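1. here's a sequence, model it:
(6 chains, ligands or ions: 3)
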Amino acid sequence: MKKVEAYIRAERLEAVKKALEKVGVTGMTVCEARGRGEESGIELEYRGKKVRVDLLPRIKVEIFVEDDIVERVVKAIIEAAYTGKPGDGRIFVLPVVEAYKIRTKEKLGK
Amino acid sequence: MKKVEAYIRAERLEAVKKALEKVGVTGMTVCEARGRGEESGIELEYRGKKVRVDLLPRIKVEIFVEDDIVERVVKAIIEAAYTGKPGDGRIFVLPVVEAYKIRTKEKLGK
Amino acid sequence: MKKVEAYIRAERLEAVKKALEKVGVTGMTVCEARGRGEESGIELEYRGKKVRVDLLPRIKVEIFVEDDIVERVVKAIIEAAYTGKPGDGRIFVLPVVEAYKIRTKEKLGK
Amino acid sequence: MGSVDPSATAWLLASTALVVAMVFGVAFFYSGLVRRKNAVNMIATSVMALSVAGVQWVLVGFTLAFSGDALWGFSGDLKALGLRGYGLEAPEGLSVPGALYAAFQGAFAAVTAAILTSPFAERASFLGFTVFTLAWLTLVYSIVAHWVWAGGLADKVAYALTGEHPVDFAGGLVVHTASGFSALAVALVLGPREGYGMRQFQPHNIPLSALGAAILWAGWFGFNAGSALEASGLAGNALLVTHVAASSGALAWGVASWVFNGRPGLLGMLSGAIAGLVAITPASGYVNPLDAIVIGALGALASYLALSWRLRSGVDESLDAWAIHGVAGLTGSLLTGVFARQGIGGVAGLLEGNPSLLAAQLVAAVVVVVYSLIASYLIALAVDKTLGLRVKPEEEMVGLDISQHAEEAYGWAEA
Amino acid sequence: MGSVDPSATAWLLASTALVVAMVFGVAFFYSGLVRRKNAVNMIATSVMALSVAGVQWVLVGFTLAFSGDALWGFSGDLKALGLRGYGLEAPEGLSVPGALYAAFQGAFAAVTAAILTSPFAERASFLGFTVFTLAWLTLVYSIVAHWVWAGGLADKVAYALTGEHPVDFAGGLVVHTASGFSALAVALVLGPREGYGMRQFQPHNIPLSALGAAILWAGWFGFNAGSALEASGLAGNALLVTHVAASSGALAWGVASWVFNGRPGLLGMLSGAIAGLVAITPASGYVNPLDAIVIGALGALASYLALSWRLRSGVDESLDAWAIHGVAGLTGSLLTGVFARQGIGGVAGLLEGNPSLLAAQLVAAVVVVVYSLIASYLIALAVDKTLGLRVKPEEEMVGLDISQHAEEAYGWAEA
Amino acid sequence: MGSVDPSATAWLLASTALVVAMVFGVAFFYSGLVRRKNAVNMIATSVMALSVAGVQWVLVGFTLAFSGDALWGFSGDLKALGLRGYGLEAPEGLSVPGALYAAFQGAFAAVTAAILTSPFAERASFLGFTVFTLAWLTLVYSIVAHWVWAGGLADKVAYALTGEHPVDFAGGLVVHTASGFSALAVALVLGPREGYGMRQFQPHNIPLSALGAAILWAGWFGFNAGSALEASGLAGNALLVTHVAASSGALAWGVASWVFNGRPGLLGMLSGAIAGLVAITPASGYVNPLDAIVIGALGALASYLALSWRLRSGVDESLDAWAIHGVAGLTGSLLTGVFARQGIGGVAGLLEGNPSLLAAQLVAAVVVVVYSLIASYLIALAVDKTLGLRVKPEEEMVGLDISQHAEEAYGWAEA
Ligand SMILES: Nc1ncnc2c1ncn2[C@@H]1O[C@H](COP(=O)(O)OP(=O)(O)O)[C@@H](O)[C@H]1O
Ligand SMILES: Nc1ncnc2c1ncn2[C@@H]1O[C@H](COP(=O)(O)OP(=O)(O)O)[C@@H](O)[C@H]1O
Ligand SMILES: Nc1ncnc2c1ncn2[C@@H]1O[C@H](COP(=O)(O)OP(=O)(O)O)[C@@H](O)[C@H]1O
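-> Numbering: from 1, shown residues only, chains lettered A, B, ... in the order given. Ligands and ions are numbered 1, 2, ... in the order given. Have a look, this model is predicted:
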């Protein structure tokens, strides 16, 4: 079992949800965050003065998936979250040791 | 050292906090999130029209604990967060490489 | 590649951002959270009545970095987030399996 | 037809605006108190109450309350259906335009219906609520208004028993006691919210509630001083005592919670202010500012006790229309019988040596309380058995905003 | 100089306060509807409109609209530049102080400019908007006000063609039709927001919008009943019909969305209320409360249809000033020609057997629509070509609050 | 006893409602400016000020300010304790009911105390604040009001030195200068907030502040035009100049920050509007709208400079009651001496060739500034040394909402 963490634009959330449904993944948890990438935000110019806006709103998506579909999930997110403009975000895959489902009190996966 | 991530109903947060105190764990960080499980949300029917409400409010609890009490912590959360109805949530355990306490600048655990 | 998670005081966020820039790290994601440590919050006394305030606002910072700079990053955060008073927070380092940049659709790191 | 007094009209125009604003005051006060997932619904119910009252009053409500007397004092007649005869001129016995008088009274009906949204909080079907409100305005509000203000049953019975006409300057009985006790009845029919008593429900937005209270405080000047129906010393005094009672109510509640809980909450002070305003409502044409200090404080303390009892009782009359409007309205109505001063409103109370007024107030109050409880219970039951008054558990869990309105109060994950 | 009627003055003072408050009503209604990142800007544009109007009106706006008649009815003359002659006394033909009359009218100008912030939402340069607003107040609002209310072009043309003077009690044409159709023109110049049509923009704060609507509802009593310029039966009736039309509009929209979408949203009911208020605006001095039920409902339904069409059309007139103010203003103006009653405002409409009033209303409406569309389009274009009316894509993406004001509506990560 | 003028009464009733609303305007304006963890407290302090003033004024405040003259002009006498003699009739020299006059003046006291909550922001003990406010209303507000408005010390001294009575139409000195300079004194006693100067404190809710400013803008019409105590040309002109000065103040601040910071913030424009309103307050019965444009702009610019200085100085007068109310109040009081026009308020200023009025204004201003600074400093010090005026560091860190009220402004983790 792996944890996939994706940091995406809020406006791509719907698309990502749909893409994941297509590969059979519905379970997920999302939260509002703020992020910046390598360019540390974007720069606005206003009447000659420059202002750097660094932490821009982002959505963090967390999905726990079986090892065998990690690749499919990552690909689905990349395709759906892509715009090609700076700020598209990142996806990370983390190892998971164990997992439980509270309603059934059962251990999941591996 | 492990990281325990629990996605629970907001209304069970108090119970979970108390259950954890009973097993000696007080440190934790929580945040508001929205999630959906396998059934991808719940369905409401209204005058014949069906509406699917997918991302429902959830609380994410993050707790870093020593390896030896992971099991106790997981059990405590499961018991406290359980209602038996869909939406009870999940618990995941992730590996941790190292940990630091900022106030004392010391390395923790292992 | 590693994931560094830091739980800090909101008022130290600016300092942490600057300290990280100094060690060459700009990319990060932050979100609002609430946390408590070992003392489970702080206690206020009011006209003889004691009230425990447990979950206090905290900022969670998430940074994905190459393995070789983890140490520098941790040190920078510790220095910048330090006040010496209870509540300074924790830093954890987690392993990462793989990473992707959505804009370029490329795999990162390792 | 009397002739229109332009100064009275000027003040009544402004007063009507203030009273209509109060409906939104109730909406925001209540909305701030519920959980985020029901914030929209709590405003929508008041807006629906306002809209339904706006049309119902023109068609049938006004005439049932204020036109003549029918069925041995049970209600008005139907001569003013569609507000016939209430136009640009002043009706017999009034010095303001009939249309304006009807609008002012209609705003009262709307405020009363809005107060009564309290027990529906966080669990009622919007359709069920709407139908209930229409029926309630017609079968309870208009009737009680007729009984107290238009020489109807409550007045007749009290006069028969005590030889004195009960007084209710701006609606201590008609508005507050009636809505408060009706709220209790509805709460009994609807039952408590899912999880009630097991966990604490936190108010989602206290500044929003404070805004509601702000509108109520200022709007109440229109409510009470407007009820003088003239721009006179009586109106001026009514405004003053209203303000003083609100202040003293806020202080009384604040001090009580300071003493008993160690800390005075803002919501407590605002609740105290509202209770003070409620308590002074029936008295505002009859007492002086020193009396108002006492009435405001006693009203607030009575509500404080009622609320404490209500919380222990397990009855989920969620936003405390009963404890605040019902109990303080009752308290104020009785205290009017105690403090009324001949020199202000032409009626003497107990302190000036006349016990019959207090007796008359008591009789009228009992009549209003009993009728409100029974009639509201039956209406709620009837709606529940037919259309259903309560949403399904999933709908309640998701929140009424999504399930009843397909809206969320605050945007999430915006792009 | 006439003599000042103190009762009329008392009511007009209060009315002016209500109308100025409406500007903030528009601000909050609109601000709640946009995304969080533009919440400040949506208030700032209305505040700017209010401030610009406050000064412009004194200097030049008032005289262009209301002083005499110049250029064959195109505008007023310049005799009241700086409000010369409008001081403590009542001007010829009025019974309120000149200064107060000018303030009341100036508040109307400000409300109209605030309504017209709708198409600028979430994408306009604050400087471009400001310059547009100054030009628009001078070249459109003052002119249209002169045409309709001061015997200018619209009045002359309609009278020439139909033998009847068109009527507009409180600004159905001058305020709502003009601002609504101008909004459409501006939306065409500015183009849709980034991402419009591809994803849904969620309102960021519905209680804030409800607050705006609350201010509008109560403020409108000053708007319509204040337009009587006296504290009379006419004013009282205007208040009543205003309230009734708002209620009936809210119900009509609520029922429509209940039927067509399965659920009535709060924003829908509030939009219906506003549409009802808009529709009754021109009629409020001429009709009775039963008429108002019909006018409010028809106004709301017309807006409902217009909004549905607008959404399908792809035109991003973002906050629907056109659908709500433009269309309901037009509807109400025509319905005034239908329902006007001799016994109320001294003018008979179609139902009382006089078709010419409806014809006159139609002609005046066409004149106002055509002029508003063309003039606003040209002004917007001129500003766009010179100063630029639209922000850069990054600025739009980050939001106007940060890019135009260096502010964020809600604190984040506070310590 | 004079006879009651019903038109004056109608307008004063409405005005009092507007002025009471302003207290909540201050509350919301301030609450939006602080951090989320102190949002409730910032409203609670204003509500406490309102409530304390509501009762204190009836008991003792009014008589100290407005009844006769005692102690060689230091204060009023005690003949109107408990508002004795101020009932339904008009007191000597007035044409409004005594009760209403007292209520109107009491609302001013409350607004002034609310303005003075600024330096307590985010760090004061609620008990300490409450006791301070009670003492301040009695020892500063009532006294200064007596000095300026009831022929007390400031008036006597100014007249002795300049041969002219200083004028203060609606409280430029009594309300704004007094509260502003008192705020400075309190800030010095309390010291800066934890972390002040080291990091930026972000306003937690700008729309809430905008709501506060909206209430202030509209409410100020009651404040200034109500101070005419009649529904006359003078009141109408006061309303007009008030509106114009607010507009011009907003524009002046907007332009200044556009030029100096590259972007005009909404909070800046609103601050400018408030400064403009403050500056016109003493002048509103004496000047014309063109003067008002200048006075509003100069008031705003003076406040802008004062605020810039304050920020650099390190003095944590947190919400700028001094910079906005104190400085603009002073500026406006002096400018009244410059612009006053015989034809409007019966007093000529410098521009009409009379330098003594300006001199009188200056003397009165100095007296008020000095007394406010010293008396407020001493009261604050006394409270601090006895009950303690500042909370403990942990309480400040957790926020006053939890530590003083056991409430959180916005629900979190609701279920
Ligand atoms: N090293 C990092 N650690 C944590 N989050 C990051 C990191 N780099 C980027 N992110 C997240 O991804 C988002 C987009 O990053 P950015 O570099 O702007 O995108 P792009 O690579 O498309 O230019 C950021 O706002 C942040 O939330
Ligand atoms: N695969 C997943 N990845 C991330 N979060 C999940 C996943 N599955 C469930 N969750 C979280 O757990 C919550 C409850 O899941 P759900 O499946 O509805 O519970 P149950 O298993 O009791 O029916 C969801 O709202 C979501 O936050
Ligand atoms: N075991 C833990 N698991 C998760 N988060 C923790 C844990 N311990 C501490 N934290 C986070 O760190 C923050 C500070 O912890 P605390 O113990 O108060 O600091 P200090 O060690 O400086 O006294 C907490 O508010 C919480 O967010």
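2. what sits against residue 91?
-> No chain specified, so I'll use chain A. Counting by CB atoms under 8 Å, 6 or more residues apart in numbering or on different chains, A:I91 touches A:4-7, A:74, A:77-78, C:99-100, C:102. Where C-beta positions appear, they are placed from N, C-alpha and C, glycine not excepted.
3. let's do chain D instead
-> So D:P91 contacts D:1-2, D:85, D:98, D:101 (CB under 8 Å, 6+ apart).
4. now render those as a markdown table, adding secondary structure and pLDDT.
-> Output for these, formatted as a markdown table (DSSP: H, G, I helix; E, B strand; the rest coil; pLDDT from 0 to 100):
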| residue | secondary structure | pLDDT |
| --- | --- | --- |
| D:M1 | coil | 61 |
| D:G2 | strand | 75 |
| D:G85 | coil | 96 |
| D:G98 | helix | 98 |
| D:Y101 | helix | 98 |
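5. sticking with residue 30, tell me its helix or strand.
-> Unless you meant another one, I'm taking chain A. Taking DSSP states H and E as the criterion, A:V30 maps to strand A:28-36.
6. should've been chain D
-> helix D:6-33.
7. what's downstream of that helix, the next helix or strand?
-> helix D:39-56.
8. what is the helix or strand following that following helix packed up against?
-> Sequence-wise, the next helix or strand downstream of helix D:39-56 (DSSP H and E) is helix D:62-66. Packing partners of helix D:62-66 (3 or more CB pairs under 8 Å, 6 or more residues apart in numbering or on different chains; DSSP states H and E): helix D:98-115, helix D:142-149.
9. return the most buried member of those helices.
-> helix D:98-115 (a mean of 28; mean count of other CB atoms under 10 Å in any protein chain shown).
10. would you pull up the residue in chain A closest to ligand 2?
-> Proximity of chain A to ligand 2 (CB to the nearest ligand atom) peaks at A:G27, 2.7 Å away.
11. typo on my end, the stretch 251-400 of chain D
-> Closest point on the stretch 251-400 of chain D to ligand 2, by CB to the nearest ligand atom, is D:M397, at 12.1 Å.
12. rewinding a little: doesn't A:V61 make contact with the residue of chain A closest to ligand 2?
-> No: counting by CB atoms under 8 Å, A:G27 does not reach A:V61; the two are 11.1 Å apart.
13. mind checking the end-to-end distance for stretch A:84-92?
-> Start and end residues of stretch A:84-92 are separated by 19 Å (CA to CA, to the nearest Å).
14. for it, buried residues please.
-> Neighbour-count burial for stretch A:84-92 flags A:87-92 (criterion: 16 or more other CB atoms under 10 Å in any protein chain shown).
15. circling back to that earlier point, just put the contacts of A:I91 in CSV and tack on secondary structure.
-> Converted to CSV, the contacts of A:I91 look like this (DSSP: H, G, I helix; E, B strand; the rest coil):
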residue, secondary structure
A:V4, strand
A:E5, strand
A:A6, strand
A:Y7, strand
A:V74, helix
A:I77, helix
A:I78, helix
C:A99, strand
C:Y100, strand
C:I102, coil
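16. return the closest of the residues you listed with respect to E:V40.
-> Closest approach to E:V40 among these (CB to CB): A:Y7, at 26.1 Å.
17. and the gap between that closest one and D:V23?
-> Distance, A:Y7 to D:V23, by CB to CB, to the nearest Å: 45 Å.
18. which of these two has more residues huddled nearby?
-> The residue with more neighbours, out of A:Y7 and D:V23, is D:V23; 29 against 24, by other CB atoms under 10 Å in any protein chain shown.
19. contacting residues for that one?
-> Here D:V23 is in contact with D:46-47, D:49-50, D:107, D:110-111, D:114 (CB under 8 Å, 6+ apart).
20. switch to 10 Å and redo it
-> D:46-47, D:49-51, D:53-54, D:107, D:110-115, D:117, D:215-216, D:219, E:214, E:217-218 (CB atoms under 10 Å, 6 or more residues apart in numbering or on different chains).
21. nearest to ligand 2, out of the helices and strands packed on helix D:62-66?
-> helix D:98-115 (35.7 Å).
22. which helices and strands does the very next helix or strand once past that closest one pack with?
-> Proceeding C-terminally, helix D:98-115 gives way to helix D:126-136 as the next helix or strand, assigned by DSSP H and E. Packing contacts for helix D:126-136, counted by 3 or more CB pairs under 10 Å, 6 or more residues apart in numbering or on different chains; DSSP states H and E, involve helix D:39-56, helix D:98-115, helix D:178-190, helix D:355-386, helix D:400-405, helix E:233-261.
23. try 8 Å
-> With 3+ CB pairs under 8 Å, 6+ apart as the test, helix D:126-136 has helix D:39-56, helix D:355-386, helix D:400-405 packed against it.
24. any stretches of chain A with poor pLDDT?
-> A:40, A:45-51, A:110 (pLDDT under 70).
25. how about the strands in it?
-> A:2-8, A:28-36, A:42-46, A:49-53, A:56-65, A:90-95, A:98-101, A:106-108 (DSSP state E).
26. so which of those strands gets nearest F:H405?
-> Of the strands of chain A, nearest to F:H405 by CB to CB is strand A:28-36, at 27.6 Å.
27. what's the closest non-adjacent residue to the residue in the stretch 151-300 of chain D that ligand 3 sits nearest to?
-> At 20.1 Å from ligand 3, D:Q202 is the closest residue in the stretch 151-300 of chain D, using CB to the nearest ligand atom. Computed as CB to CB, 6 or more residues apart in numbering or on different chains, the closest residue to D:Q202 that is not its neighbour in sequence is F:G411, at 4.3 Å.
28. hmm, D:P207 and that neighbour touching each other?
-> No: F:G411 is beyond contact range of D:P207, at 11.8 Å (criterion: CB under 8 Å).
29. before we move on, the earlier item: and chain E, is whatever helix or strand the residue of the stretch 251-400 of chain D closest to ligand 2 lives in touching that?
-> Here D:M397 sits within helix D:393-398, counting by DSSP H and E. No: Helix D:393-398 does not reach chain E (CB under 8 Å from any CB of the partner chain); its nearest approach is 11.3 Å.
30. which parts of chain A sit against chain C?
-> Residues of chain A lying near chain C (CB under 8 Å from any CB): A:2, A:6-8, A:31-40, A:54-55, A:58, A:60, A:74, A:77-78, A:81-95.
31. number of residues surrounding residue 76?
-> Since no chain was named, I'll use chain A. Using other CB under 10 Å, A:A76 has 21 neighbouring residues.
32. was after chain D, sorry
-> Here the number of neighbours of D:G76 (other CB under 10 Å) works out to 25.
33. ok, D:L81 next?
-> 15.
34. what is the neighbour count of residue 59?
-> Answering for chain A, as no chain was given. Number of residues near A:I59 (other CB under 10 Å) recorded here: 25.
35. should've been chain D
-> Neighbours of D:L59 under the rule other CB under 10 Å: 16.
36. dump the residue contacts of it.
-> With CB under 8 Å, 6+ apart, D:L59 has these contacts: D:81-82.
37. burial check on whichever residue of the stretch 101-250 of chain D sits closest to chain C, number of neighbours?
-> With CB to the nearest CB, the shortest gap between the stretch 101-250 of chain D and chain C falls at D:Q202, namely 12.6 Å. The tally of other residues near D:Q202 (other CB under 10 Å) stands at 18.
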